[in-house]
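Student: just a sequence and a predicted model for now, questions to come.
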Amino acid sequence: MNYNPLGKTGLKVSRLSFGASALGGVYGSVDEAEGIRAVHTALDLGINYFDVAPAYGGTVAETVLGKALKGIARDRYYLSTKVGKYTNPGAYGEDTLDYSRARIRASLEESARRLGTKYFDIVHLHDIEYQHRRHTEWALGEGLETLLELKREGRIGNVSFGIYPMDLWHRIFRDLPIDAGLVHNHYTLNDTRALELVPLARQKGIGMINGSPFGSGLLSGREAPAWHPATVEDRRLFREAKALCERQGVPISKLALQFSSQHPDLPTTLFSSTRSESVRRNVAWQEEPLDPALLTAVQLILAPVMNKQWDYDAAVDNLRAASSSVPTPPTLANPMAEAPSAGTVQEHPEM
């Protein structure tokens, strides 16, 4: 495993990092023991950065990750969680956004108890654009001020955001005193806009964390989830790209992971899994060179959707609409997750 400095955070992170959203059951039912083994496998293979959030599974992901990390020396890993977004357990896109000082401080105490730690290396303000940006300025004001206070108090090491919209990322990188940024869905086979942020990241020492190498399910090798805002024509293009990869004997998920995780200006890429087998395979894939001719051919197919802005707020609305018409929907606390088909290996976007 290779390791890279994460901006000026002082952290030297593994090229692949472990996103714990899957441990919360956000992609379907989870065998807790196997999920714990997946975390231990990641540690054994040299992964040293783990990210989670109270929103994932309504605190379940933090609880399971805490069990997995119990007894592991704290200097073997870096740990981050998120604040501001809270999902009702077992709910279907039902989130509360609260960026108040009191709730953030209480949330961090709750996360610390679940995870068995007194210190977080990074804390991200989570999904501040959701609910049609009604709470964005609150998060950028009181929310950010609270994290900066916690950093000054020594409770957390670094301040970050975990969001999607590029216009907000440009504003945050340009104007705000952050240490890191968890940028998801912007360095994939069909979106490379994360690179727009690299010059400012270098200038200001911001550590860029690359999330969602599988493009919210579009590059997972299966049909994208029904709620995804991709159109019928968009989906056809991703199926065509998948078929091309299969004819070459390469899963599109392999090409997607290799592409996302191998850029020298992106220190680490988060993936999420509940299976040791998937962790081993993803680490092996990352260490193999990708096929440049196949990459060119796939990106030619995906050219009409390259850098397309997806409306994930609409995705949440779709989740809620679906929940009102389905008697017993699957638990999908993460609006960028998909439930796996029976017999499939769980490898999914993080966040």
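Tutor: Sure, I can see it.
Student: just the strands from the stretch 51-200 of the chain, written as ranges.
Tutor: 78-83, 85-87, 95-97, 122-126, 159-163, 180-184 (DSSP state E, counting those that start in this stretch).
Student: how about the helices in this structure?
Tutor: Here the chain has its helices, by DSSP state H, at 32-44, 60-69, 101-115, 136-138, 144-152, 166-175, 198-204, 232-247, 252-261, 276-287, 292-301, 312-325.
Student: reformat those as TSV; add mean neighbour count and distance to residue 2.
Tutor: In short, each C-beta sits where N, CA and C put it, glycine included. Converted to TSV, the helices of the chain look like this (neighbours: other CB atoms under 10 Å; distance: least, CB to CB, whole Å):
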stretch	mean neighbour count	distance to residue 2
helix 32-44	19	15
helix 60-69	24	23
helix 101-115	17	26
helix 136-138	16	36
helix 144-152	18	28
helix 166-175	16	25
helix 198-204	14	18
helix 232-247	16	25
helix 252-261	25	10
helix 276-287	19	9
helix 292-301	15	20
helix 312-325	17	31
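Student: looking at these, which is nearest to residue 210?
Tutor: Taking CB to CB, helix 252-261 is the member of those nearest to residue 210, at 6.1 Å.
Student: what's the closest one packed up against?
Tutor: Applying 3 or more CB pairs under 8 Å, 6 or more residues apart in numbering; DSSP states H and E, one finds that helix 252-261 makes contact with helix 232-247, strand 268-272, helix 276-287, helix 292-301.
Student: tell me how far residue 25 lies from residue 186.
Tutor: As judged by CB to CB, to the nearest Å, residue 25 and residue 186 stand 26 Å apart.
Student: those two: who's more crowded?
Tutor: residue 25 (27 against 24; other CB atoms under 10 Å).
Student: that older thread, how about CSV for the helices of the chain, with mean pLDDT and distance to residue 79 added?
Tutor: As requested, these are exported to CSV (pLDDT from 0 to 100; distance: least, CB to CB, whole Å):
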stretch, mean pLDDT, distance to residue 79
helix 32-44, 97, 11
helix 60-69, 97, 8
helix 101-115, 98, 7
helix 136-138, 98, 26
helix 144-152, 98, 15
helix 166-175, 98, 22
helix 198-204, 98, 22
helix 232-247, 97, 34
helix 252-261, 98, 20
helix 276-287, 96, 17
helix 292-301, 98, 33
helix 312-325, 71, 26
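Student: so which of these gets nearest residue 86?
Tutor: helix 101-115 (7.4 Å).
Student: the helices and strands packed on helix 252-261: which one's closest to residue 122?
Tutor: Among these, strand 268-272 comes nearest to residue 122, with 11.2 Å by CB to CB.
Student: residues in contact with the closest one?
Tutor: Identification of contacts with strand 268-272 by CB atoms under 8 Å, 6 or more residues apart in numbering yields 4, 6, 13-22, 27, 49, 51, 182, 184, 187, 209-214, 257, 260-261, 282, 286, 346-351.
Student: residue 102 versus residue 159, what's the distance?
Tutor: 18 Å.
Student: and residue 78, by the same measure?
Tutor: Going from residue 78 to residue 102 by CB to CB gives 27 Å.
Student: output stretch 141-155 in CSV with nothing but the alpha carbons.
Tutor: Provided in CSV are the C-alpha atoms of stretch 141-155 (Å, rounded to 0.1, in the frame of the first residue of the first chain):
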residue,chain,number,x,y,z
GLY,A,141,-21.6,29.9,9.5
GLU,A,142,-22.4,28.4,12.9
GLY,A,143,-21.5,24.9,11.7
LEU,A,144,-18.0,25.8,10.5
GLU,A,145,-17.4,28.1,13.5
THR,A,146,-18.2,25.2,15.9
LEU,A,147,-15.7,22.8,14.2
LEU,A,148,-13.0,25.5,14.3
GLU,A,149,-13.7,25.9,18.1
LEU,A,150,-13.4,22.1,18.5
LYS,A,151,-10.1,22.2,16.7
ARG,A,152,-8.7,25.0,18.9
GLU,A,153,-9.8,23.0,21.9
GLY,A,154,-7.8,19.9,20.6
ARG,A,155,-10.9,17.7,20.3
